[in-house]
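>>> structure of the sequence below:
(one chain, ligands or ions: 1)
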Amino acid sequence: MSKQRVLTGITTTGTPHLGNYVGAIRPAIAASERADVQSFYFLADFHALIKCHDPALVHQSTREIAATWLALGLNTDNAIFYRQSDVPEIPELCWMLTCMAAKGLMNRAHAYKASVDANLAAGEDADFGITMGLYSYPILMAADILMFNANKVPVGKDQIQHIEMARDIAARFNHHYGEHFVLPEAIVDDNVAVLQGLDGRKMSKSYGNTIPLFLPEKQLKKSINKIVTNLLEPGQPKDAATSTVFQIWQAFATPEQTAEMRAAFADGIAWGEAKKQLFELINSQVGEAREKYEALLANPKHIEEVLQLGAEKARSHSKPLLEKVRAAVGIKKIQ
Ligand code: TRP
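Residues are numbered from 1 along each chain as shown. A predicted model of the protein is given here:
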């Protein structure tokens, strides 16, 4: 039986944080070790250009994200790990799909609609500041996915609509030009924690409430100390269910450790003590990887080599598929 293809992209516009680790990186690395799965993980740097027009930031984020995944032990003999922009077949396929994608479908994309709504609420023109990149971004995402005939696409809830659009576009293409693409399915794993950030809202770069994954030890400690708590004193029982400290603890702890911490909360553990233990727990799990991360960033050539090897493997899939797709639409040598 052929392996299930699991594919996901990481937009290169930020520094990986604990929420990315728990919600995406850790499960993705675990999945890539399954014998029945062929995983494709890529740095979505073309997607980065939609939100970020600062070249230094895009580049820095690409290095950091690549180094993070490698430092955490992604086995690139197993997983195909590449940078989107190293696979020129993707933007070419994107164009072919653009010519099959209904404009009306793009009008309904959440990200685009949210921008329009924000403009209207601010009394601006509906299209103020909206680029064609933002508008047609679901088609680029469809190209990322269909290029490798991915069966499963692990994503956050906010991305489900994009996978449905990829299916729509693929179905339309297949209907018109013949069966070329697998219809992908989103997988949203409800067991994977959506981590809370410093202020208790979802940990997200857009809220500025993140704890970067590989902060140097001292800064990690400081950052954890900034997690918002209530004013309960040591000795006063604390509610685990509503505590960000506890929620993050749970994402890193064994079930036994979680039960212990729950009991400690009921016993009135001091916030300072709970945070100290949280720091120690996280530090013990990321400390080794942090050293590898620093070493990788000090030797970026190695990162680049790994990505080039990944691109070669990715292209061994994308080139033949694109060749067929070109022929199917009538783009071929005259003979
Ligand atoms: N748009 C996705 C996000 O913001 C990242 C992404 C780009 C992606 N291309 C993809 C995810 C293809 C899955 C498949 O999270």
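>>> mind showing which ranges of the chain have poor pLDDT?
1 (pLDDT under 70).
>>> mind listing the helices for it?
Using DSSP state H, the helices of the chain run over residues 18-20, 26-32, 45-51, 55-71, 89-98, 103-107, 110-121, 132-146, 160-177, 217-225, 244-252, 255-266, 271-298, 300-329.
>>> how about a markdown table for those helices, with distance to the ligand added?
Where you see a C-beta, it was placed from the backbone N, CA and C, and this is true even at glycine. Compiled in a markdown table, the helices of the chain are given as follows (distance: least, Cβ to the nearest ligand atom, whole Å):
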| stretch | distance to the ligand |
| --- | --- |
| helix 18-20 | 10 |
| helix 26-32 | 11 |
| helix 45-51 | 5 |
| helix 55-71 | 11 |
| helix 89-98 | 9 |
| helix 103-107 | 15 |
| helix 110-121 | 9 |
| helix 132-146 | 4 |
| helix 160-177 | 6 |
| helix 217-225 | 24 |
| helix 244-252 | 19 |
| helix 255-266 | 28 |
| helix 271-298 | 21 |
| helix 300-329 | 13 |
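>>> how near is residue 190 to residue 221?
To residue 221, residue 190 is 32 Å away according to Cβ to Cβ, to the nearest Å.
>>> the more surrounded of these two?
residue 221 (17 against 7; other Cβ atoms under 10 Å).
>>> show me the contacts for that one.
279, 283 (Cβ atoms under 8 Å, 6 or more residues apart in numbering).
>>> repeat for residue 20
Residues in contact with residue 20, defined by Cβ under 8 Å, 6+ apart, are residue 213.
>>> hmm, try it at 10 Å
Residue 20 makes contact with 10, 14, 26, 65, 68, 195, 203-205, 210, 212-213 under the criterion Cβ atoms under 10 Å, 6 or more residues apart in numbering.
>>> among those, which are located in strands?
Secondary structure from DSSP state E places residue 10 of the contacts of residue 20 in strands.
>>> quick check, nearest of the contacts of residue 20 to residue 240?
Nearest to residue 240, judged by Cβ to Cβ, of those is residue 195 at 15.5 Å.
>>> so what's the backbone phi/psi at the closest one?
phi -80, psi 140 (degrees, to the nearest 10).
>>> the nearest residue to it once chain neighbours are set aside: neighbouring residues, count only.
Distances taken as Cβ to Cβ, 6 or more residues apart in numbering place residue 19 nearest to residue 195, at 4.0 Å, with adjacent residues excluded. Residue 19 has 24 neighbouring residues, counting by other Cβ under 10 Å.
>>> my read is that residue 19 contacts residue 206, right?
No: distance between residue 19 and residue 206: 11.5 Å, which falls outside the contact criterion (Cβ atoms under 10 Å).
>>> and the gap between the residue nearest to residue 195 and residue 193?
9 Å.
>>> hey, what's in contact with both of these two?
Counting by Cβ under 10 Å, 6+ apart, the residues touching both residue 19 and residue 193 are 248, 251.
>>> and the helices of the chain: which comes nearest residue 39?
It is, among these and with distance given as Cβ to Cβ, helix 26-32, at 4.2 Å.
>>> how about that closest one: buried residues?
26-29, 31-32 (16 or more other Cβ atoms under 10 Å).
>>> cool, and stretch 71-81?
Neighbour-count burial for stretch 71-81 flags 71-72, 74, 76, 79-81 (criterion: 16+ other Cβ under 10 Å).
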